[in-house]
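Q: Okay, here's the prediction I keep looking at, along with the sequence it came from:
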Amino acid sequence: MLAQWDDLVPKFVKVMPRDYKRVLQHIQKALADGLTGDDALTAAFEENARDIARISGS
């Protein structure tokens, strides 16, 4: 595998839990809205807690 690393890297797939992806999106939105640091993280946490998509548990 290491000998063929450059050929195999494009075949790797990034796996990300939906909740984590959703929180990252909320953080980006908070930053775009002008929040910084802990304020952006808090806003993202609160938005994720209200997100109906989260209720499914995924």
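A: Everything's here; your move.
Q: Show me which residues of stretch 36-45 are buried.
A: Ala40, Leu41, Ala43, Ala44 (16 or more other Cβ atoms under 10 Å). Quick note: C-beta positions are derived from backbone N, CA and C, even for glycine.
Q: Give me the three-state assignment for the residue most central in space within the chain.
A: Within the chain, the residue whose C-alpha comes closest to the C-alpha centroid is Lys21; the distance, by Cα atoms, centre = their mean, is 2.5 Å. Assigned state for Lys21: helix (three-state reduction, DSSP: H, G, I helix; E, B strand; the rest coil).
Q: Then Met16?
A: Reducing the assignment at Met16 to three states with three-state DSSP gives coil.
Q: Check the gap between Arg50 and Ala44 for me.
A: Counting by Cβ to Cβ, to the nearest Å, the gap between Arg50 and Ala44 amounts to 11 Å.
Q: now Gly34, what's its secondary structure?
A: On the basis of three-state DSSP, Gly34 is classed as coil.
Q: Now do it against Ala40, distance only.
A: The value you get for Gly34 to Ala40, if Cβ to Cβ is used, is 9 Å.
Q: what about Leu2, neighbour count?
A: 5 (other Cβ atoms under 10 Å).
Q: Could you check the pLDDT of Gly57?
A: According to the model's per-residue confidence, Gly57 sits at a pLDDT of 56.
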